[in-house]
Structure formats: C-alpha cells, structure tokens
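**Q** Provided below are the primary sequence and the corresponding predicted coordinates.
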Amino acid sequence: MERIAVYPGTFDPVTNGHVDIAERGLKLFDKIIVAILNNPIKECLFTIEERLEMLESSFENYPDITVETFNGLLVDYAASQNCIAILRGMRAVSDFEYEFQMALMNRRLNPAIETVFMMPAESYSYVSSRLVKEVFQLGGRVSDLVPPAVERRLCEEYGDPAEPDCGRDRRRRP
Ligand code: PNS
C-alpha cells in the first residue's frame, strides 16, 4: 500500500523552506499531497489560484508530489485522500506551541492520522512567507529564499527590484 502524506499550509507564497520539507518528506512517504487551505476569511497576498500555480511550478519536477486545495477540516481531507500522516515543518522553538496544539487537536479529531515534523535545512530555518513578502516589498533580495516562479510573481506584483523605479509600493490589487 502506498504511504501518502498531506503537507498542508497557506503557502502565501511557497518558500524554499517549504520545498525542502516536501523533498525530505519523500524520504519517508511514497507520495506527498501539498494541500493549500482555501480559507476565504484569511487575508492573503496571493489568490488561491496564484498560490496553486506557484506551487505547481515549484514541484513540476517531482512526480510524487501533487498540489491540491482543500476546505474544511484537515483530518477529513487527509482521510479522503488515504493519507496516513500530516507533514509539517518545524523551524525553531517558536513554531512549537502552535504546531503542538494543531497536532494534538488533529489527533483528537482522527487518531488514525499521525503528524510528522521535519526540520528544514539550517539555511532556511529563519525563512517564512511573511518575511519574504516584507523583505521583497521593502526592496530586499529574496532570490535564494523562494522558487523562481515566486520571484517572478513578486516582480509582477511589485515590479522588478533591479529597476530603480519599480513601484514596489503600489499593489496590483487594492
Ligand atoms: O501555513 P499555515 O497557515 O501555518 O497552515 C495552517 C493549516 C492550513 C495547516 C491549518 O490552519 C489547518 O489545517 N486548517 C484547516 C482547518 C482545520 O482542520 N483546523 C483544525 C486544525 S487543528
């Protein structure tokens, strides 16, 4: 039987840290489903379609990684896809409390599904979607921190930082 894990998240946007975790997950699981939570209440920079596109492009060379969206409870989605585990990245102690609560709640909701934490490469231990957006918006370089598709999309949103008058303070959407 195939061992499938779901790797859920907001992915606004996907970073190299996320890619690193999914790659590591393939050492333990036959297949990984990267699942974007479709939560219309949460304010994201990128639409669900944009996030899906960036993730698909980031994982296009990984035949055992698929990208999907989901609504509702994660454990219900995981069970519907025959997943045996939820994969999450753990960067630092600061992640622990949030992850611990989610893992125990998910276990309570469905004890058959385990949560597995993996640590990213040290070089990504400080990388988060929030910081990537902030650094880029303020003119910093993020090319080593995100897949090329994300950097392209950020440039489309804010302008190319290589150009002096790129208008990064203007948002495409209000
Ligand atoms: O990347 P994020 O924002 O840390 O991911 C959080 C996510 C999507 C994994 C979490 O919010 C989630 O699983 N939401 C789905 C709804 C759910 O099952 N809630 C109970 C989890 S304890």
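**A** Everything's here; your move.
**Q** quick check: mean pLDDT across stretch 140-152?
**A** Mean pLDDT, computed over stretch 140-152, is 96.
**Q** what is the top helix by length along the chain packed up against?
**A** In the chain, ranked by residue count with DSSP state H as the criterion, the top helix is helix 93-109. Identification of packing neighbours for helix 93-109 by 3 or more Cβ pairs under 8 Å, 6 or more residues apart in numbering; DSSP states H and E yields helix 74-80, strand 85-89, strand 114-118. (Each C-beta comes from the backbone N, C-alpha and C, glycine too.)
**Q** comparing these, which comes out most buried?
**A** Among the helices and strands packed on helix 93-109, strand 85-89 has the highest mean neighbour count (mean count of other Cβ atoms under 10 Å), at a mean of 22.
**Q** give me the sheet partners of that one and which way each runs.
**A** Here strand 85-89 is paired, per DSSP bridges, with strand 4-9 (parallel), strand 114-118 (parallel).
**Q** for residue 7, give me its contacts.
**A** By Cβ atoms under 8 Å, 6 or more residues apart in numbering, the residues touching residue 7 are 18, 21, 22, 25, 32, 33, 34, 35, 86, 87, 88.
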